[in-house]
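In: Dropping a prediction and its sequence here:
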Amino acid sequence: MKNIICCFALIMSTLGCSQNNKNEKMNSIKEKVNKLEKYNNEPVYQLRINTPNSFTVFINGIPVANKYVNYLNSYLSEINSCIPQKGEQTIEIQIHPKYLNSSEQNENLENDINFELKIEETSWKDGSLTPPKVVYQYNLPEGDYTDKKVFIHKAKFQASPPYKLIDWREGKSFNIKDSVALKKNLLKAYENLKSNFENQHGEAYMDLLGDGLFNLYQSSYLDKEEVQKHINHRISFINEKPRKLSEIENYNLEIFGDGKLASLIRIDGFNKNEGVIRRYYNKGNQKMVQVDDIIFYIPKNSVKENDLQVIWHRNIVKGANP
């Protein structure tokens, strides 16, 4: 199986929830698997960052890279799931002040910040990645940034994946003026996911991830057999025994991607900018947390006003404490 590279231990965990037989509205994830395609040329796009500072990087509106506490200076992540099709792609880089500890952050940026970013194209051959080709590079110029709380750089780059994902850029725009209602509806969607997990409705849990899972599987070039094994494993894990998720708390509503993407994001210290679906567990003597980053959109052809669908999903496993 081709591995997805990330600075964290990314596990393609999944959420999904088909309600019952008559609610087959969106196709089940097993039906979506039948639409997966394989290609002769399967390029892999990687984001590589070196900096002691905090940052967020958006690819086509997706906040794919985040760093806040100072436990990591080098970052590497596969970004294919943020590239919906061949052509021009957008990148937005936000550089933030350093953290003093796990909860305190400098108010302003510093002099001569070291920030290096590359987007590389590679591919799998004989079980290894081929030497990468740089398709975009950015180094923050030397200078005095002490009067800024954040530095933002926007640019474009070209990518040539063979697939076409379900493109969130073509979705409907959220009504930002009615953010209170949107936040309420998003919370219901997250609580629905949480309920299905905790009540051992594994297949329903998987189905709700729908478009997000299809995009992840297709952009990872997984074949149908690999995907089916993964889906069956996740369903079995959820159905095996009751497992509690943490309470949905300490979050803000975030709208990004030119107003077409929305998510509830944690705002507290070591968990900042992470997802609200979280499972804590012990691994030996260490307490771990498995975090599901989930982003919603509304399909362009939806007749419902608030037809929230998962369009992007990523799972992060990390130590629960700094």
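Out: Cool, the structure landed.

In: switch to C-alpha atoms for all contacts and neighbour counts from now on
Out: Fine.

In: Quick check: longest helix in this protein by residues?
Out: When every helix of the chain is counted residue by residue (DSSP state H), the longest turns out to be helix 179-198.

In: Check which helices and strands that one sits against.
Out: Helices and strands in packing contact with helix 179-198 are listed as helix 202-208, strand 261-266; criterion 3 or more C-alpha pairs under 8 Å, 6 or more residues apart in numbering; DSSP states H and E.

In: Mind doing that once more with 10 Å?
Out: In this structure, helix 179-198 makes packing contacts with helix 202-208, helix 224-240, strand 251-256, strand 261-266, strand 277-283, strand 286-297, strand 309-319, judged by 3 or more C-alpha pairs under 10 Å, 6 or more residues apart in numbering; DSSP states H and E.

In: Can you mark which positions in that helix are buried?
Out: Buried residues in helix 179-198, counting neighbours by 16 or more other C-alpha atoms under 10 Å, are found at 182-183, 186-187, 189-198.

In: Need the residues you listed in CSV (columns: distance to residue 115 and pLDDT).
Out: What follows is these, written out as CSV (distance: C-alpha to C-alpha, whole Å; pLDDT from 0 to 100):
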residue, distance to residue 115, pLDDT
182, 35, 95
183, 34, 96
186, 34, 97
187, 35, 97
189, 37, 97
190, 35, 97
191, 38, 97
192, 40, 97
193, 37, 97
194, 38, 97
195, 41, 97
196, 42, 97
197, 40, 97
198, 42, 97
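
In: now for the residues you listed, which pair is the farthest apart?
Out: Looking at those by C-alpha to C-alpha, the two members farthest from one another are 182 and 198, with 24.3 Å of separation.

In: what's the span of stretch 138-156, first residue to last?
Out: Its first and final residues considered, stretch 138-156 spans 11 Å by C-alpha to C-alpha, to the nearest Å.

In: and if you look at stretch 129-140?
Out: Its start and end residues considered, stretch 129-140 measures 28 Å (C-alpha to C-alpha).

In: do stretch 155-174 as well
Out: The stretch stretch 155-174 measures 24 Å between its terminal residues, going by C-alpha to C-alpha.

In: what do you get for stretch 201-213?
Out: When the end residues of stretch 201-213 are compared by C-alpha to C-alpha, they are separated by 17 Å.

In: Same check on stretch 157-168?
Out: Taking C-alpha to C-alpha as the measure, stretch 157-168 stretches 18 Å from start to finish.

In: Could I get the buried residue list for that stretch?
Out: Of the residues in stretch 157-168, those with enough neighbours to count as buried (16+ other C-alpha under 10 Å) are 159, 160, 161, 162, 163, 165, 166, 167, 168.

In: can you confirm residue 123 is in a helix?
Out: No. When classified by DSSP: H, G, I helix; E, B strand; the rest coil, residue 123 is found to be strand rather than part of a helix.

In: mean confidence for stretch 229-237?
Out: On average, the pLDDT along stretch 229-237 is 94.

In: Can you give me the buried ones in it?
Out: Using 16+ other C-alpha under 10 Å as the burial criterion, the residues of stretch 229-237 that qualify are 231, 234, 235.

In: do stretch 207-220 as well
Out: 207-220.

In: again with stretch 139-152
Out: Neighbour counts over stretch 139-152 (16+ other C-alpha under 10 Å) mark 145, 150 as buried.

In: Can you tell me what sits against it?
Out: The list of residues contacting stretch 139-152 from outside it, by C-alpha atoms under 10 Å, 6 or more residues apart in numbering, reads 49-50, 54-57, 92-97, 106-118, 153.

In: could you point out which element follows the helix or strand of the chain with the lowest mean pLDDT?
Out: The helix or strand of the chain with the lowest confidence, counting by mean pLDDT, DSSP states H and E, is strand 9-10 at a mean of 36. Using DSSP states H and E, the helix or strand that directly follows strand 9-10 along the chain is helix 29-33.

In: so how far is that following helix off the chain centroid?
Out: Mean-position distance between helix 29-33 and its chain equals 20 Å (C-alpha atoms, centre = their mean, to the nearest Å).

In: Which residues outside it are in contact with it?
Out: Helix 29-33 is contacted by residues 16-18, 26-27, 203-214, 217-218, 222-225, 227-228, 231-232 when judged by C-alpha under 10 Å, 6+ apart.

In: now with 6 Å?
Out: Under the contact criterion C-alpha atoms under 6 Å, 6 or more residues apart in numbering, helix 29-33 has outside partners 207, 210.

In: Pull out the buried residues from that helix.
Out: So helix 29-33, judged by 16+ other C-alpha under 10 Å, has buried residues 29, 30, 33.

In: Now the element after that helix, going C-ward?
Out: Next element after helix 29-33 (DSSP H and E): strand 43-50.

In: Mind listing the strands the next helix-or-strand element following that next one pairs with, and their directions?
Out: Toward the C-terminal end, the helix or strand that comes next after strand 43-50 (DSSP H and E) is strand 54-59. On the basis of DSSP bridges, the sheet neighbours of strand 54-59 come out as strand 62-67 (antiparallel), strand 87-96 (antiparallel).
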